[in-house]
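Enquirer: Just the structure for this:
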Amino acid sequence: MRLLISNPSILITLQRVGFLEPLFNLAIEVNVTDFLYERELKDYDGQKLLKLGLKIQSLEPEMATFAIQYCRSHTTLCQDEGYAFALAQKCEFILLIINPELARLAAIERIKHYSLSLLFELMLDRQVISQDFLQQGLFNITAMTRCHLLRKEAEDCLSKII
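Expert: All right, here's what the predicted structure looks like:
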């Protein structure tokens with residue numbers, strides 16, 4: 001399985017609540033675009049992410065142009081999401097998303113995608129995280145994040161496991 005992170009807030013939040021190691025223990029390939037890495041992650045534990053196994057995928061110039069045009073026509077997408085969408089459309093990645101609009105667009109284009117909640121369920125199913133640790137991390141996400149999309153994902157997942 002080749003997972004492509006669509007938004008830097010996902011990895012940053014997972015790091016803050018101690019979920020990075022469980023993510024990389026899932027025995028799946030975790031990828032980001034070169035744009036996302038250089039702009040957001042390189043100076044924010046970038047080396048640690050690479051040591052854990054993060055892969056960086058480069059966008060060809062025509063894919064970057066497509067992504068920019070797509071973001072202009074779909075203003076609810078951030079640039080990172082547009083770049084990830086373009087790469088996932090060209091290659092066979094599963095998009096990891098928090099933006100419902102990106103999920104809708106991925107479904108229209110028949111791009112496989114997972115919500116963050118599904119990732120948490122996968123962590124539990126594959127026993128790389130305990131239910132207590134997951135629950136505490138989800139509580140921490142709801143308390144600490146300013147991102148309403150991440151908070152909603154955490155609240156939705158908590159409602160399923162409590």
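Enquirer: C-alpha only now, for contacts and for neighbours.
Expert: Noted.
Enquirer: Can you find the helix or strand in the protein with the smallest mean pLDDT?
Expert: Every helix and strand of the chain was ranked by mean pLDDT, DSSP states H and E. The lowest is helix 61-73, at a mean of 78.
Enquirer: Report the angle between the helix or strand following that one and helix 61-73.
Expert: Using DSSP states H and E, the helix or strand that follows helix 61-73 in sequence is helix 79-90. Using axes from the mean of the first three to the mean of the last three CA atoms, to 10 degrees, the inter-axis angle of helix 79-90 relative to helix 61-73 is 130 degrees.
Enquirer: Name the surrounding residues that touch helix 79-90.
Expert: 4-8, 32-33, 35-36, 59, 63-64, 66-68, 70-71, 93-95, 102, 106, 109, 111 (CA atoms under 8 Å, 6 or more residues apart in numbering).
Enquirer: Averaged pLDDT, that helix. What do you get?
Expert: The average pLDDT for helix 79-90 rounds to 89.
Enquirer: repeat for stretch 94-102
Expert: Rounded mean pLDDT across stretch 94-102 is 93.
Enquirer: circling back: show me which of the contacts of helix 79-90 are buried.
Expert: 4-8, 32-33, 35-36, 59, 63-64, 66-68, 70-71, 93-95, 102, 106, 111 (16 or more other CA atoms under 10 Å).
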